[in-house]
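J.: turn this into a structure:
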Amino acid sequence: MSTAHHSPTTTDPIVRPAWLSQETWPFTIRTHDTGLGRIAYTDEGAGPILVLVHSGTWSVLWRDLAASLHKDFRVITFDPPATGLSDTGDGAGLGQTADALDSLVRSLELTDIVIVAHDLGGPASLQAVSHWPERVRGYVAVNCFGWRPSGPVFRAMLWVMGSGFMRESDAWTGWLPAATSTRFGAGSHWSRTDRHAFRRGMDRRGRRSFHRNMRSALRHDYTAVDRGRIALVAKPILTVFGQRNDPLRFQPRWREAGRMVEQVMVPRGYHFPMCDDPQLVARILIDWHQRNVGARAS
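T.: Residues are numbered from 1 along each chain as shown. Take a look at the predicted model:
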């Protein structure tokens, strides 16, 4: 159950840390008190609402896509608990991200939303959707899943990445954000300064939080996630996957999620297609929105 059913508690813009330049994150950063801690969020642009969701790492992943979309949309991103510029210690998982999203959506009184979810943001966002499906107009799944993990390969991957050994080795060496920020990860269009800032945002606390998110994905109660996914059956769904990164065949499974599912592969894309070719992904999303969500709204 969501923990956040209270009045707006958003704040004025915060002072960004010295290592997060305006070039790396060219948007105003605010905070919101979820009741369990503060999360950092960005709310830029005007028009139809897109809420970009990740769980385990932080908003810089969305920088280039948000920059390509905020002239046409109101784009909202947030740092999940215990990552980036958000608070709440180092014990966060899918449930905490879902609660943070639920709290932010209620506080900002958002309606007619399109959720754009990546990786573990899939199940986290669907759990939040289960509390207010009437607020959601469509859903975009970017290299993510939205169901209980099954199969030995998938479950073994979550077990290994969520293990104490992997968590502590990463906490003390930073190998995961270093790998993630390369051109084979999210860093295709990042400068050296951008990569440094991403790694600073994935500090020791954030790195531990990432692995705890992986562990929580294996142990999570998916009842609310399933309710959220089922609530999308009659709504437009778009899936965007990298051509070179769907080893567990998530995209074909998304075809079963609804009656209006469109699917796109980003050429030569990997796990972060919104970073590999942000302008292409933005054009795909704008076209899909105009044909499916905007048309339905008018």
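J.: which residues in the stretch 151-298 of the chain form helices?
T.: 152-161, 164-173, 175-180, 192-201, 204-219, 223-230, 250-254, 273-276, 278-288, 295-297 (DSSP state H, counting those that start in this stretch).
J.: give me the residues contacting the fourth one.
T.: This points to helix 192-201. For helix 192-201, contacts defined as C-beta atoms under 8 Å, 6 or more residues apart in numbering pick out 17, 19-21, 23-25, 58, 60-61, 63, 79, 83-85, 174, 177-178, 180-181, 186-187, 190. C-beta coordinates here come from the backbone N, C-alpha and C atoms, glycine included.
J.: repeat the analysis, applying 6 Å as the threshold.
T.: With contact meaning C-beta atoms under 6 Å, 6 or more residues apart in numbering, helix 192-201 is reached by 19-20, 24, 58, 60, 84, 177, 181, 187.
J.: quick one: which of the residues you listed is nearest to Gly37?
T.: Gly84 (12.7 Å; C-beta to C-beta).
J.: tell me which element that closest one is part of?
T.: For Gly84, there is no enclosing helix or strand under DSSP states H and E.
J.: surely it touches Val60?
T.: No. Counting by C-beta atoms under 6 Å, Gly84 sits too far from Val60 to count as a contact (7.5 Å).
J.: give me the most central residue, the chain.
T.: Centre of the chain computed as the mean C-alpha position; nearest residue by C-alpha atoms, centre = their mean is His54, 1.9 Å away.
J.: how much space is there between it and Ala234?
T.: Per C-beta to C-beta, to the nearest Å, His54 is found 26 Å from Ala234.
J.: for stretch 171-181, buried residues please.
T.: 171, 174, 176-178, 180-181 (16 or more other C-beta atoms under 10 Å).
J.: and the helices of the stretch 151-298 of the chain, which one's lowest on average pLDDT?
T.: Ranked by mean pLDDT, these bottom out at helix 295-297, with a mean of 54.
J.: for this structure, longest strand please?
T.: Secondary structure of the chain per DSSP state E: the longest strand is strand 136-144.
J.: and that one, how far from the chain's centre?
T.: 10 Å (C-alpha atoms, centre = their mean, to the nearest Å).
J.: elements contacting it?
T.: strand 113-119, strand 237-242 (3 or more C-beta pairs under 6 Å, 6 or more residues apart in numbering; DSSP states H and E).
J.: which of those is buried the deepest?
T.: strand 113-119 (a mean of 26; mean count of other C-beta atoms under 10 Å).
J.: okay, angle between the strand or helix carrying Gly95 and strand 136-144 too, please.
T.: Here Gly95 sits within helix 94-107, counting by DSSP H and E. Helix 94-107 runs at 150 degrees relative to strand 136-144, counting by axes from the mean of the first three to the mean of the last three C-alpha atoms, to 10 degrees.
J.: gap between Ala186 and Val60?
T.: Counting by C-beta to C-beta - Ala186 and Val60 are separated by 8 Å.
J.: first-to-last residue distance for stretch 13-22?
T.: 14 Å (C-alpha to C-alpha, to the nearest Å).
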